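*Asks:* Prediction below, plus the sequence it came from.
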Amino acid sequence: MTTDEVSQRDLASLAVPLVGSLAATGDSWEPYRLLDCDGVPVEAVSAYFRDLQAAGRSAATVRSYGMDLLRWFRFLWAIGISWDRATRVEARDFCRWLLIAGKPVRPHWRHGEDAAVMKPSGVPFAASVRAHNETVLRCFYDFHLGISSGPILINPFPLDRSRRGSRAERASQPDGAVPQGTDRALPATGAQTCSPVHP
C-alpha cells in the first residue's frame, strides 16, 4: 500500500471481522491467550502477558488489557497490517475508528446477518475506554521496543505530552505549558501505567 493509499484509508466502509478471540485458559501461569483467526496464540501478546504477570498484575488486568489488544489486532487484521509494522497512521486511524464507527453492534443470529462482521453503531466508545485502549497499546509497544523483538521501529502510540493537565491549567500559562506539579504519568481517566520490562 502506498503512502497516499494509507492516508486515504476509507474507514467509513471498513468492515472489521469478528476474528480471533481472547481465551481463558484456566492455567494460573497463563490465564489468557489472544488467539488469531486460525486459533493460534499471538506470541507477541503472550510475551506481554507474561511481563504483566511478572509485574504483579492480576488475571483481571491481563483480561482487560487483552480485550484492548484484541480490538487493535482485529483492526490491524481488517486493514492487512502486521502488528510490528503498524505506524502512527494506523494508530491515528484506529483512534478515529473507535470514536466515529463506535461500539460494534453484534449481529443477531435470528436476523440471518453475517455473524463474522461487526457492524458500526456510530455510538463512540467512552473516552475512558479509548484512553485505556491507547495506554495499553502504548505499553505493549514500549515493552516490545524495550526487549528489541522484531522489526518494530517506533511506538505507534507515543505519549502525547500536550494532552497532560487540564485546559484551564494550560490556559493559565503564557506558552500553554502545564504548570509544574500537574504533570501526570496517567491520563485523567485513571488508566494504568506500563509495566516494567523484565529481562
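*Replies:* Structure received. Numbers count the residues shown, from 1 in each chain.

*Asks:* Number of residues surrounding V45?
*Replies:* 24 (other CB atoms under 10 Å). No exception for glycine: its C-beta is placed from N, CA and C like everyone else's.

*Asks:* Need the pLDDT of the closest residue in space to it that isn't next to it in sequence.
*Replies:* Nearest in space to V45, with sequence neighbours left out and distances taken as CB to CB, 6 or more residues apart in numbering, is L34 at 4.1 Å. L34 is assigned a predicted lDDT (pLDDT) of 98.

*Asks:* State the helix or strand in which L34 lies.
*Replies:* strand 30-35 (DSSP states H and E).

*Asks:* Quick one: name whatever helix or strand follows that strand.
*Replies:* Strand 30-35 is succeeded, C-terminally, by helix 43-54 (DSSP H and E).

*Asks:* so how many other residues sit close to S58?
*Replies:* 11.

*Asks:* now R85
*Replies:* Neighbours of R85 (other CB under 10 Å): 13.

*Asks:* three-state assignment of A23?
*Replies:* Following DSSP: H, G, I helix; E, B strand; the rest coil, the label given to A23 is strand.

*Asks:* And the contacts of stretch 31-50?
*Replies:* 17, 19-25, 30, 53, 59, 62-63, 65-66, 69-70, 73, 77, 83-84, 140, 143-144, 147, 149-150 (CB atoms under 8 Å, 6 or more residues apart in numbering).

*Asks:* ok, V129 - contacts?
*Replies:* V129 makes contact with L98, according to CB under 8 Å, 6+ apart.

*Asks:* and what of the one 4 residues further on?
*Replies:* With contact set as CB under 8 Å, 6+ apart, N133 has these partners: D68, R71, W72, L98, F125.

*Asks:* Mind doing that once more with 7 Å?
*Replies:* D68, R71, L98 (CB atoms under 7 Å, 6 or more residues apart in numbering).

*Asks:* State the number of residues packed around R63.
*Replies:* For R63, the neighbour count with other CB under 10 Å is 14.

*Asks:* Kindly apply the preceding question to A101 instead.
*Replies:* A101 - counted by other CB under 10 Å - has 21 other residues nearby.

*Asks:* pLDDT below threshold where in the chain?
*Replies:* In the predicted model, the chain carries pLDDT under 70 at residues 1-7, 106-121, 161-199.

*Asks:* what are the ranges of the helices in it?
*Replies:* 3-7, 43-54, 59-79, 88-100, 127-146, 167-171 (DSSP state H).

*Asks:* which residue packs closest to A78, ignoring adjacent ones?
*Replies:* Nearest residue to A78, sequence neighbours excluded (CB to CB, 6+ apart): V16, at 4.4 Å.

*Asks:* was I right about the one you found contacting F73?
*Replies:* No. Taking contacts as CB atoms under 7 Å, V16 lies outside contact range of F73: 10.4 Å.

*Asks:* before we move on, the earlier item: restricted to buried residues, select the contacts of stretch 31-50 in ChimeraX.
*Replies:* To isolate the buried ones among the contacts of stretch 31-50 in ChimeraX, judged by 16 or more other CB atoms under 10 Å, type:
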select :19,20,22,53,59,62,65,66,69,70,73,77,83,140,143,144
